[in-house]
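> I would like the atomic coordinates for the input below:
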Amino acid sequence: MVDKGKGRELPLLSLTPAPSLVLAPSQGEVDVAACRGIARGTLYSPVLRGLLAVDIVETRTATLVQQMAKQLTDMQGWDTASNEIDQIADMDRLLRESHERHLVLKAWLADSKQERKAITTKSAQGRHIITSLQSMYTGMSQFIQFSSTRKVQVQWNAKEYFRHLGKRNFGLQEPFEAYMLQGFPPIELSQYLLPADAARGGVITNPFVITDIKDHIILWFLPRVFTPSRQDAIRKVTDGLKSALSKPKQATGWRTDASYYKSDDNGGVLNVSPAWHAQAHEASLTSGCAYSAG
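Okay, the predicted model is just below:
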């Protein structure tokens, strides 16, 4: 070929294609042209090499992200399972506590049932006592009412007697006793003896009351008010009071000293002290209320 402008001869270009350089992708690498739709070039250029490296990194990164997402999901599942296990443990603890409270409540209900049963029994005993004693009370009240119609009267005032007697007089001062006997003479009960009483050796067997000159009752005399049948009735109906009556007294003194209480074989002790309560308590004696011994 001749360069007409210069007059030089140039070599002609070969029309035969030059051999192309094709590099097969290495094992484990991705065909970039196939993945990205790029026409495979005749040369394995640095651009293709860079694209291949980026694609590998992206692929591995995506795989790693998927694995991490799966691990995160698994961890969340384990957390959920752990929370459920804790909830089950709490429910089990609450169930045990509820069971223990149920047992305590069951025992309390059993005790309460026994107490209600005991109260019901005692109430029935109380009703039986009241019913049994009603007739006896009626008879005794009639007896006491009859005794109040038979009156024996002394000729002095009981309030004056109390005033002269004082609080600490034990009957050991003979001059004082003589003075009291003269100022407040006793009654002669012999004049109140009935013929039937005289036949029994002068023992008064009929009830009566003793009053002072102001009609203040000093003494109730009620012989045979507690008949054997009434004593037996009282003994039977008071069996339910044994537990209360058997409690030991805390206070000690001559009123509770066992030496003053005789056995059943030797009998008991009857302590009669008219106006004992009034003498033991300071109170005005100017009131018009009559003292009555119950």
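> helices or strands next to the helix or strand harbouring Ala110 in the packing?
Element membership for Ala110 (DSSP states H and E) is helix 46-148. For helix 46-148, the packing partners by 3 or more CB pairs under 8 Å, 6 or more residues apart in numbering; DSSP states H and E come out as helix 32-36, strand 208-211, strand 217-221, helix 228-237. For every residue, glycine as well, the C-beta is placed using N, CA and C.
> how about the last one as PDB, C-alpha atoms only?
The reference is to helix 228-237. Extracted C-alpha coordinates of helix 228-237, given in PDB (Å, rounded to 0.1, in the frame of the first residue of the first chain):
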ATOM      1  CA  PRO A 228     -83.100 -33.400 146.900                       C
ATOM      2  CA  SER A 229     -84.900 -33.500 143.600                       C
ATOM      3  CA  ARG A 230     -83.900 -29.900 142.800                       C
ATOM      4  CA  GLN A 231     -80.300 -30.600 143.800                       C
ATOM      5  CA  ASP A 232     -80.300 -33.600 141.500                       C
ATOM      6  CA  ALA A 233     -81.700 -31.500 138.600                       C
ATOM      7  CA  ILE A 234     -79.100 -28.800 139.100                       C
ATOM      8  CA  ARG A 235     -76.300 -31.400 139.300                       C
ATOM      9  CA  LYS A 236     -77.500 -33.000 136.000                       C
ATOM     10  CA  VAL A 237     -78.000 -29.900 134.000                       C
END
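> show me what that helix is packed against.
Secondary-structure packing of helix 228-237 (3+ CB pairs under 8 Å, 6+ apart): helix 46-148.
> returning to what we had before: among the helices and strands packed on helix 46-148, which is nearest Val104?
Nearest to Val104, of all the helices and strands packed on helix 46-148, is helix 228-237, at 39.1 Å by CB to CB.
> which parts of the closest one are buried?
By neighbour count with 16 or more other CB atoms under 10 Å, helix 228-237 contains the buried residues Arg230, Ala233, Val237.
> show me which of those residues is closest to Arg101.
Val237 (43.5 Å).
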